[in-house]
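[1] What follows is a predicted structure for the sequence shown.
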Amino acid sequence: MIRVADVHKSFGAVRAVRGVSFDAPDGKITGLLGPNGAGKSTTLRILYTVLKPDAGTASVDGADVVTDGLNARQRIGALPHGSGLYPHLTARENVAYFARLCGIDKGEIDDRVAEILRLLEIGDFADRRTKGFSQGQRTKVSLARALVHDPQNVILDEPSNGLDVMATRSLRNLILKLKDTGRCVLFSSHVMQEVAALCDDICIIANGQVAIDDSVDGIRRRTGCDDLEEAFVKAIHLVGPE
Amino acid sequence: MRTTIVVFLKEILDNLRDRRTLASALIMGPIFGPVLFAFVINLSIERSLDDVERTISLPVIGQQHAPNLIRYLESRNIEVVDGPTDTAAAIEAVKTGASDVILIIPESFGEQLQDTVPAKLELVSDRANTDAERDARRARGALHAYSQELAAVRLSARGVNPLVLRPLNIDEVDVSTASGRSAILLGMMSYFFIFAALMGGMYLAIDTTAGERERGSLEPLLCLPVTRNQLILGKIAATCLFMMLSLTLCLVSFFFALKFMPLEQLGLSPNFSPGVVLAALLLFVPFILLGAALMTLVASFTKSYREAQTWLSVVLVAPTLPILIVSILTLRPRFEFMFVPSLSQHLLLVDMVKNEPVNNLHVAISVLSTLVFGALLTWICARLYRREGLLG
């Protein structure tokens, strides 16, 4: 369960996030949708505690991201935008490193890593060094790394960027699997169709503010547009520049 | 603690597989010093042999006018060769650098000698040309000596003791060359140790911030349920280990390399026994923490790997400055110098290598102050690792 309440964040004169609020409940997939530069990544970065909000609060399973960052991180599996791997380590070693850092018991690490690699279909390249991996392979390993400690909350920042059709499909299946096991999944995207196909709730962000936070049907109804792309464009214009 | 160890072990595995890190830690640092040292030593030896024994060749015009003088010159390791045709040609040859020095013996030389009037000789040289001046000095010295000998013979013939011409007997003891040279050479040595240590950890220090950021692995790492202090301490510890490895290899390679260098020919007899090697290692260990923290700190301000490399090459040079100043001014170890890292290690090492007694208080201050500086910089690194701007 992720809660964001009236969060603000500025970088110098740029007001990246201006009062964003939304909830992402367990057992549901919540999509953060918005054009480039809308403030999606900044909001997610605040959630996984690498940025501090100027105002407002955010919590993960009740753990405040500012005052109780360590606990909040314990409950999050995060895939930041453009995640990189250690090129001299194999896929398995990359995942195992994060498993150790998450404090998984020594005896369990090998099994845990093998399990997550199987789940993400990282079999044939598990023991190759990650230098020279394709974007799809890198994203899979990054995901395995983020999920290895079996977190209750999963935050994915534009996970489908650079993935081909097959990889996108297996990513979609994985996200649905997480939902079925009662996880809270929050992911960002700038592609309306992708979000509509997966999400129970969509939070459309533009200019650092929430334009609409509703289900797919709710968005259609409130914008009066049947076509999702039209609805998206219309929603964005609900929020004007400052 | 467990997290720090996990980070430490991962960094070691990662860097042992990185050819660039290995090359700088295991090859560049340890080999560069001894090789350059051997080169400088050989150069010094060549120079010093030059001055004494080397045969120089001297073009002489009018050899037939002074056969005795020619024989004398040849007895002084000066090989007489045929000179240009006349004075004008001789001046031209020296001017253009074709010859370093040319002796001209006029036709009247023999006659003037017999008449006991000062016999005229002409020596053409270019005093502004320091390289040529070395040969010219040899020729001039030989001619003076010949002149003295003739004077002595003449006085003896007249029943006068030749010693009346030598009212003074000046015995010069020159201490400058050997000890001066050794100070510079020993200064080089301690710098090579510092250089090796820094080279060993350079790429790890860059990787901690700029490298992780550029690769995109920093942000996922910071999302984990660990504190940033645990991360940076593990990384600095791994940096220290590689620096230690490089330093140890450098000391060992110097130990063996010195056995093959003809240092006695330069009047140097450094004590580089296994005991001194071990003491030097212990002396430089505190500097490793300082160096690792300093490099990590500098790299953390940079935007990219390349920029970090540029700035760290400045850090590689910085520890030489105090050593250089002290070597030039030939200052002796002093209480207050011991508070300056790199300088204190250098001065103490020089004492050890020269086989002079080492002041225990000085050692204690050097170790403690370097450790304090190192701890302080580590603390600053940890502070900077917590700021938001870290992600760039």
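    Thanks, I have it.
[2] what's around the residue in chain B that chain A sits nearest to, how many residues?
    Residue nearest to chain A within chain B (Cβ to the nearest Cβ): B:Gly216, separated by 2.8 Å. (C-beta placed from N, C-alpha, C; glycine too.) Neighbour count for B:Gly216, taken as other Cβ atoms under 10 Å in any protein chain shown: 16.
[3] Excluding chain neighbours, what is closest to it?
    A:Gly84 (2.8 Å; Cβ to Cβ, 6 or more residues apart in numbering or on different chains).
[4] need the contact list for the one you found.
    A:138, B:215-217, B:220 (Cβ atoms under 8 Å, 6 or more residues apart in numbering or on different chains).
[5] again, 6 Å this time
    Neighbouring residues of A:Gly84 by Cβ atoms under 6 Å, 6 or more residues apart in numbering or on different chains: B:215-217.
[6] Now distance to B:Leu186 too, for those, in CSV please.
    Shown next, in CSV, are the contacts of A:Gly84 (distance: Cβ to Cβ, whole Å):
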residue, distance to B:Leu186
B:Arg215, 42
B:Gly216, 46
B:Ser217, 43
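[7] Count the neighbours of residue 195 for me.
    Chain wasn't specified; assuming chain A. Counted with other Cβ under 10 Å, A:Val195 comes out at 24.
[8] Chain B, not that one
    23.
[9] Which other helices and strands does the helix or strand hosting it contact?
    Under the criterion of DSSP states H and E, B:Phe195 resides in helix B:176-206. Applying 3 or more Cβ pairs under 6 Å, 6 or more residues apart in numbering or on different chains; DSSP states H and E, one finds that helix B:176-206 contacts helix B:29-52, helix B:228-259, helix B:274-300, helix B:305-317, helix B:320-329, helix B:343-353.
[10] Okay, the single nearest residue of chain A relative to chain B and B:Asn15: tell me how far apart.
    In chain A, the residue that lies nearest chain B is A:Gly84 (2.8 Å; Cβ to the nearest Cβ). Plainly put, A:Gly84 is 17 Å away from B:Asn15 if you go by Cβ to Cβ, to the nearest Å.
[11] so A:Ser188, which of the three states?
    Put simply, A:Ser188 is strand when judged by DSSP: H, G, I helix; E, B strand; the rest coil.
[12] Contact partners for it?
    A:32, A:40, A:157-158.
[13] Assumed B:Tyr341 was part of a strand.
    That one is not Tyr; residue B:341 is Pro. No - according to three-state DSSP, the state of B:Pro341 is coil, so it is not within a strand.
[14] list the contacts for it?
    B:287, B:290, B:370, B:373 are the contacts of B:Pro341 under Cβ under 6 Å, 6+ apart.
[15] Next, format the residues you listed as TSV and append neighbour count and pLDDT.
    Compiled in TSV, those are given as follows (neighbours: other Cβ atoms under 10 Å in any protein chain shown; pLDDT from 0 to 100):
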residue	neighbour count	pLDDT
B:Phe287	27	95
B:Leu290	23	95
B:Thr370	26	95
B:Phe373	19	96
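[16] Now those in JSON lines, please, with extra columns for distance to chain A.
    Shown next, in JSON lines, are the contacts of B:Pro341 (distance: Cβ to the nearest Cβ, whole Å):
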{"residue": "B:Phe287", "distance to chain A": "28"}
{"residue": "B:Leu290", "distance to chain A": "27"}
{"residue": "B:Thr370", "distance to chain A": "32"}
{"residue": "B:Phe373", "distance to chain A": "30"}
